[in-house]
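Chemist: pasting the sequence and the predicted coordinates here, then a few questions.
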Amino acid sequence: MATKRTGITKFFDDVVDSTKDLADGILDRLSDAEQDLRKGLTRIVENRETGKNVQAEQLSAAPGTHRDTVA
């Protein structure tokens with residue numbers, strides 16, 4: 001037995017649907033952020049193991065840094 005949704009019932013149904021969409025979007029973004037964080041940490045650990053300091057090399061060669069303006 002189906003009932004017709006009107007008024008307040010329709011409003012609450014829309015709110016619940018919007019909340020589900022919002023939660024789904026947040027979870028997707030958190031998943032992407034977690035993957036990016038894991039990749040970044042993996043790169044840091046791998047660079048430490050090989051003795052490379054890639055970030056320091058990149059920063060020292062970046063335009064506008066102290067080394068760039070002094071040299």
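Modeler: That came through fine. Residues are numbered from 1 along each chain as shown.
Chemist: residue 9: neighbour count?
Modeler: 11 (other CB atoms under 10 Å). Yep, even glycine has a C-beta here, placed from its N, CA and C like the rest.
Chemist: same question but for residue 50, I mixed them up
Modeler: Other residues close to residue 50 by other CB under 10 Å number 9.
Chemist: per-residue pLDDT, it?
Modeler: Looking at residue 50, its pLDDT stands at 79.
Chemist: pull the helix or strand with minimum mean pLDDT from this protein.
Modeler: helix 66-70 (a mean of 50; mean pLDDT, DSSP states H and E).
Chemist: now the helices for the protein?
Modeler: 8-50, 54-61, 66-70 (DSSP state H).
Chemist: quickly, which of the ones you listed bottoms out on average pLDDT?
Modeler: helix 66-70 (a mean of 50).
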